[in-house]
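>>> kindly return the folded structure for what I paste below:
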Amino acid sequence: MNLAIRLKLSTMMFLEFFIWGAWFVTMGTFLAQAFSATGVQTGMAYNTQAIGAIVAPFIIGLIADRFFAAQKILAVLHILGGVLLWFAASSADFDSFYPYILLYMLLYMPTLALVNSVAFRHLPDPTSQFAQIRVLGTVGWIVAGVVIGNFGWESKNALHYTFQMAAVASFGLGVLSFFLPHTPPAANQGPASLRSILGLDALALLKDTRYLVFFIASILICIPLAFYYQNANLFLNAVGVESAATKMSYGQVSEVLFMLLLPMFIVRFGIKISLLVGMAAWVLRYVLFAYGDAGDQLWMLILGIVLHGICYDFFFVTGQIYTNYKASAQIKSAAQGLITLATYGVGMLIGFTLAGVISDKYTVEGAHAWFNIWIIPAAIALAVMVLFLLSFKDEKVRADQIQH
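Numbers count the residues shown, from 1 in each chain. A predicted model of the protein is given here:
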């Protein structure tokens with residue numbers, strides 16, 4: 001691969017996920033510190049991700065895929081996003097903060113597909129090279145957490161700096177995007193239709209009973225997942241864990257390690273066991289959070305964080321691999337879009353809403369009953385796991401069938 005292109009694509013991925021990790025992890029703590037936000041308000045703020053995931057196919061399908069070069073759309077979205085993040089940092093209250101973050105996520109979520117599109121188009125061998133580029137995104141997320149922890153912004157009630165840091169990085173990526181390799185729309189695009197934009201051709205997969213069970217389980221498991229994104233940093237700071245954002249980055253480190261093990265595990269044990277291991281990790285993580293503390297039981301909290309690699313890779317990455325395996329060549333992209341919309345869109349929308357309601361129910365005069373807040377998603381994850389165990393018939397795949 002051309003070294004200059006490799007460096008540009010790697011920097012693109014690093015900044016793409018540095019920006020997201022810079023504010024998303026600690027937003028719940030920021031809202032509590034800056035605005036004394038309720039659980040429902042925090043859920044609304046995190047739900048902007050789900051809304052963005054639902055709207056993203058329209059932006060990609062109607063604009064980026066048909067009329068403009070991907071790198072130019074990426075540049076414009078990130079420059080506008082930088083402006084919105086900067087204003088979000090200086091918001092006086094939740095009512096003024098929310099419109100900025102909603103508009104921002106409507107612009108940011110489509111960029112996740114755009115960076116992949118740019119990378120895939122310019123890698124000579126995407127199957128073997130994409131992971132080498134994409135891992136820089138995980139490194140970016142880790143670095144963001146380390147920076148926040150080292151500056152002590154959580155303990156100093158100074159988390160508005162996270163949005164400013166993300167804004168500067170967003171401006172930087174916006175400028176860099178103009179210098180990325182030219183990625184024009186694919187030639188011979190037919191007229192756009194709502195069905196093609198939303199990837200509804202992939203609904204044919206749901207006629208397969210096995211895939212239907214997996215699809216439903218994917219939506220349901222995103223409900224407890226939302227509790228982690230929304231409450232974990234707030235919880236760790238509330239119970240007295242030092243440099244919580246830095247410690248949460250351990251989860252991304254484990255994500256990289258387990259990603260390397262996943263293909264071998266799938267070939268050896270099959271899709272069903274891999275997915276069940278991911279679900280079981282969610283149950284265990286929340287039980288650890290329910291019983292852990294910042295004293296003698298700190299190891300339980302750290303282990304719960306480190307389990308992120310299994311939680312994410314063994315369910316969500318396995319799910320992407322399974323979707324790719326089940327879909328025909330004509331609908332592979334549509335199928336990935338559909339499962340993303342279902343999980344990060346519909347599933348997370350339900351999850352963040354429920355997490356906000358549960359958080360308020362178990363909060364009295366600003367004090368959270370964290371045991372109750374964590375044991376509920378543990379129970380939900382356990383129920384989904386049992387449902388999946390009883391309903392899903394396993395499928396074995398060969399090593400050559402799990403390549404993206």
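>>> where does this protein have low pLDDT?
Counting by pLDDT under 70, the chain contains low-confidence ranges at 1, 59-66, 127-128, 186-200, 330, 333, 396-404.
>>> any idea how far residue 290 is from the spatially most central residue of it?
Central residue check for the chain by Cα atoms, centre = their mean: the C-alpha nearest the mean position is that of residue 344, 7.3 Å away. Shown here: residue 344 relative to residue 290, a distance of 25 Å by Cβ to Cβ, to the nearest Å. Heads up, the C-betas are built off the backbone N, CA and C, glycines and all.
>>> same question, residue 209
Distance check for residue 209 against residue 290: by Cβ to Cβ, it reads 35 Å.
>>> who's more crowded, these two?
With neighbours defined as other Cβ atoms under 10 Å, residue 209 and residue 290 compare such that residue 290 has more, 18 against 11.
>>> in contact with the residue nearest to the centre of the chain, which residues?
49-50, 53, 222 (Cβ atoms under 8 Å, 6 or more residues apart in numbering).
>>> rerun that using 10 Å as the cut-off
Under the criterion of Cβ atoms under 10 Å, 6 or more residues apart in numbering, the contact list for residue 344 reads 49-50, 52-54, 56, 109, 112, 222, 225, 316.
>>> before we move on, what about residue 243?
When contacts are taken as Cβ under 10 Å, 6+ apart, residue 243 is in contact with 145-146, 148-152, 154-155, 236-237, 249.
>>> show me which of the residues you listed is closest to residue 393.
When the contacts of residue 243 are compared for distance to residue 393 (Cβ to Cβ), residue 249 wins out at 37.7 Å.
>>> phi and psi next, for the closest one.
Here is the backbone geometry of residue 249 (degrees, to the nearest 10): phi -70, psi -20.
>>> apart from its neighbours in sequence, what residue is nearest it?
Spatial nearest neighbour of residue 249, chain neighbours left out: residue 145 (3.4 Å); criterion: Cβ to Cβ, 6 or more residues apart in numbering.
>>> which SSE is that neighbour in?
When secondary structure is defined by DSSP states H and E, residue 145 falls within helix 126-151.
>>> count of neighbours near the closest residue to residue 378 other than its chain neighbours?
Spatial nearest neighbour of residue 378, chain neighbours left out: residue 286 (3.6 Å); criterion: Cβ to Cβ, 6+ apart. With neighbours defined by other Cβ under 10 Å, the count for residue 286 comes to 25.
>>> my guess is the residue nearest to residue 249 contacts residue 248. True?
Yes: Residue 145 sits in contact with residue 248 when judged by Cβ atoms under 10 Å, with a separation of 5.7 Å.
>>> could you find the closest non-adjacent residue to residue 183?
The shortest distance from residue 183 to any non-neighbouring residue, by Cβ to Cβ, 6+ apart, is to residue 70 (4.1 Å).
>>> identify the residues contacting that neighbour.
Each residue near residue 70 by Cβ under 10 Å, 6+ apart is listed here: 60, 64, 111, 113-118, 121, 177, 180-185.
>>> before we move on, what about residue 262?
When contacts are counted by Cβ under 10 Å, 6+ apart, residue 262 touches 274, 277-278, 309-310, 313-314, 317-318, 321, 402.
>>> send the alpha carbons of stretch 308-328 over as CSV?
Extracted C-alpha coordinates of stretch 308-328, given in CSV (Å, rounded to 0.1, in the frame of the first residue of the first chain):
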residue,chain,number,x,y,z
HIS,A,308,-16.1,-4.9,27.0
GLY,A,309,-13.9,-6.8,24.5
ILE,A,310,-15.9,-9.9,24.9
CYS,A,311,-19.2,-8.0,25.2
TYR,A,312,-18.7,-6.1,21.9
ASP,A,313,-16.6,-8.5,19.8
PHE,A,314,-18.3,-11.8,20.5
PHE,A,315,-21.8,-10.4,19.9
PHE,A,316,-21.7,-7.4,17.6
VAL,A,317,-18.7,-8.3,15.5
THR,A,318,-19.8,-11.9,15.4
GLY,A,319,-23.2,-10.6,14.3
GLN,A,320,-21.7,-8.6,11.5
ILE,A,321,-19.8,-11.6,10.3
TYR,A,322,-22.9,-13.8,10.5
THR,A,323,-24.9,-11.2,8.6
ASN,A,324,-22.2,-11.1,5.9
TYR,A,325,-22.2,-14.9,5.8
LYS,A,326,-26.0,-15.1,5.4
ALA,A,327,-26.5,-12.3,2.9
SER,A,328,-26.1,-12.8,-0.9
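>>> for residue 100, see how far away the residue nearest to residue 249 is.
Residue 145 sits 22 Å away from residue 100, taking Cβ to Cβ as the criterion.
>>> quick one: which of those two has more around it?
Set side by side, residue 145 and residue 100 give different neighbour counts by other Cβ under 10 Å, the larger being at residue 145 (25 against 20).
>>> could you measure from the more buried one over to residue 244?
With distances taken as Cβ to Cβ, residue 145 is found 9 Å from residue 244.
>>> any shared contact partners between these two?
25-26, 233.
>>> contact partners for the residue lying closest to residue 137 once chain neighbours are set aside?
Taking Cβ to Cβ, 6+ apart as the measure, residue 137 lies nearest to residue 17, with 3.7 Å between them; neighbours along the chain are not counted. Residues in contact with residue 17 (Cβ under 10 Å, 6+ apart) are 24, 112, 115, 134, 136-144, 252.
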